[in-house]
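S.K.: just to be clear, the model below is a prediction. Sequence and coordinates:
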Amino acid sequence: MDKVYVISEHAKTYYQLIKAAQLPDLAITTSADEASIWLADPPLAAPQLPHAEQLRWLQSTFAGVDALIHAPQRGYQLTNVRGIFGALMAEYVFGHILTDTRHLGQYAEQQAQCRWQPQPYRSLHGQTLAILGTGAIGQHISTVARAFGMTVLGINQDGRPVDGFEQTLTLPALRQTLSEVDILVSTLPATPETHQCLNAVFWQHAQHLFFINVGRGATVDEPALVRALDEKKLHLAVLDVMQQEPLPEQHPFWTHPNVRVTPHIAAVSFPEQVFALFADNYRRWHAGQPLAHRVDFDKGY
């Protein structure tokens, strides 16, 4: 008999879902030190890991597991959430792209002033979108971009081809051709290799670039990003993730005219969707089968 411990801001909902599912040989416990399985929000779970004496498998309720990767305890299997965020991320990305390219904010201001003044715009058709990360989220964003007639580049570690991208490149190769990119979207995870990889050297060849970050804040050198905006290498940065969250009140992102800040809401974890993944993985666990969406502690994803 396995015991599951839930630590999440949605714990009440998860407990209700577990009870209703009647998963075989699984009991609920409110004691972290006696649970073999955790269903957990990583930031809440990390401080309790020293008490995880019986923990053998932790199912993260998030895609990002930075807090757990950086913890010293690693004697358990870690799985995360994948495959449910692509559509939500695409909605966020293209909501901001269209707001900018179609001047929707400006028209709202003009309406408040009773001012009728059409603004010229450029169609997305034919523009080049580069996506940092060619996993499920990047592929979903690419599908939507191609429906708009955009040219889509994918960036991954070795430049390996991936379906859905006209071309795939490594990050250093993209850096050299960044002047040809109109919009850059980052879905990168936080790993030792990606730490502040979007720095002054990276932005060197950018020209009036539109940047959107829905990956992780640790991938961005924030002072370098502000300088790139001030030097007009970037014309706008939409940031859903930052190095420190919540973003401190004195941070320059809040007041920079060409930065749009949102509070890490591009794709939230809906408990019902997360639980469906957990239930499937538990059935694998109970049957002695390999778990889906395993995280490599060394790689960070």
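M.R.: Right, received. Where do you want to start? Numbers count the residues shown, from 1 in each chain.
S.K.: measure the closest residue to Ala200 other than its chain neighbours to Pro118 for me?
M.R.: Spatially, and ignoring its direct neighbours in sequence, Ala200 is nearest to Ala224 (4.1 Å; Cβ to Cβ, 6 or more residues apart in numbering). Glycine gets a C-beta too; all of them are placed from N, C-alpha and C. Ala224 sits 36 Å away from Pro118, taking Cβ to Cβ, to the nearest Å as the criterion.
S.K.: in terms of neighbours, single out the busier of the two.
M.R.: Taking other Cβ atoms under 10 Å, Ala224 and Pro118 do not tie; Ala224 has more neighbours (16 against 8).
S.K.: that one contacts Ala206, correct?
M.R.: No. Contact criterion Cβ atoms under 8 Å: Ala224 and Ala206 do not qualify, at 11.2 Å.
S.K.: tally of neighbours for Thr255?
M.R.: Using other Cβ under 10 Å, Thr255 is surrounded by 9 other residues.
S.K.: phi, psi of it?
M.R.: Phi and psi for Thr255, reported as degrees, to the nearest 10, are phi -110, psi 0.
S.K.: now the helices for the stretch 101-250 of the chain?
M.R.: With DSSP state H, counting those that start in this stretch, the ranges of helices along the stretch 101-250 of the chain come out as 104-112, 136-147, 171-176, 200-203, 222-230.
S.K.: let's have these in TSV, adding distance to Pro192.
M.R.: Below are the helices of the stretch 101-250 of the chain laid out as TSV (distance: least, Cβ to Cβ, whole Å):
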stretch	distance to Pro192
helix 104-112	38
helix 136-147	20
helix 171-176	14
helix 200-203	17
helix 222-230	18
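S.K.: for the most centrally placed residue in the chain, give me its contacts.
M.R.: For the chain, the residue sitting closest to the mean C-alpha position, by Cα atoms, centre = their mean, is Gly215 at 3.6 Å. By Cβ atoms under 8 Å, 6 or more residues apart in numbering, the residues touching Gly215 are 132-133, 186-190, 241.
S.K.: wait, which of those residues is closest to Phe94?
M.R.: Thr187 (14.0 Å; Cβ to Cβ).
S.K.: that closest one touches Ile137, doesn't it?
M.R.: Yes. In this structure, Thr187 is within contact of Ile137 by Cβ under 8 Å, at 4.7 Å.
S.K.: anything in contact with each of the two?
M.R.: With Cβ under 8 Å, 6+ apart as the test, Thr187 and Ile137 both reach 89, 214.
S.K.: pLDDT score assigned to Asp240?
M.R.: Per-residue pLDDT puts Asp240 at 98.
S.K.: these two touch, right, it and Asn213?
M.R.: Yes. Using Cβ under 8 Å, Asp240 is in contact with Asn213, at 6.5 Å.
S.K.: leaving out sequence neighbours, find the closest residue to Gln167.
M.R.: Leu153 (5.2 Å).
S.K.: state the pLDDT value of that neighbour.
M.R.: You'll see Leu153 listed with a pLDDT of 98.
S.K.: burial count for it?
M.R.: Around Leu153 there are 23 residues (other Cβ under 10 Å).
S.K.: does it have any beta-bridge partners, and if so which?
M.R.: Counting by DSSP bridges, Leu153 is bridged to Ala130, Gln167.
S.K.: test my guess that it contacts Glu180.
M.R.: No. Using Cβ under 8 Å, Leu153 is not in contact with Glu180, being 9.0 Å away.
S.K.: spit out the residues that contact those two alike.
M.R.: Both Leu153 and Glu180 are in contact with Thr128, where contact means Cβ under 8 Å, 6+ apart.
S.K.: domains in this structure, by residue range?
M.R.: 2-83+269-286, 86-261 (automatic domain parsing).
S.K.: now render the ones you listed as CSV, adding distance to Tyr301.
M.R.: Shown next, in CSV, are the domains of the chain (distance: least, Cβ to Cβ, whole Å):
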stretch, distance to Tyr301
domain 2-83+269-286, 8
domain 86-261, 4
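S.K.: the helix or strand of the chain with the lowest mean pLDDT: what's the following helix or strand?
M.R.: Least confident helix or strand of the chain, by mean pLDDT, DSSP states H and E, is helix 66-69 with a mean of 91. Once the chain leaves helix 66-69, the next helix or strand it forms, by DSSP states H and E, is strand 77-79.
S.K.: I would like the residues contacting that next one, please.
M.R.: 56-60, 65, 68, 281, 291-295, 297.
S.K.: likewise for stretch 13-25?
M.R.: 1-2, 4, 6, 8, 26, 28, 39, 61, 271-272, 274-275, 279, 282-283, 286.
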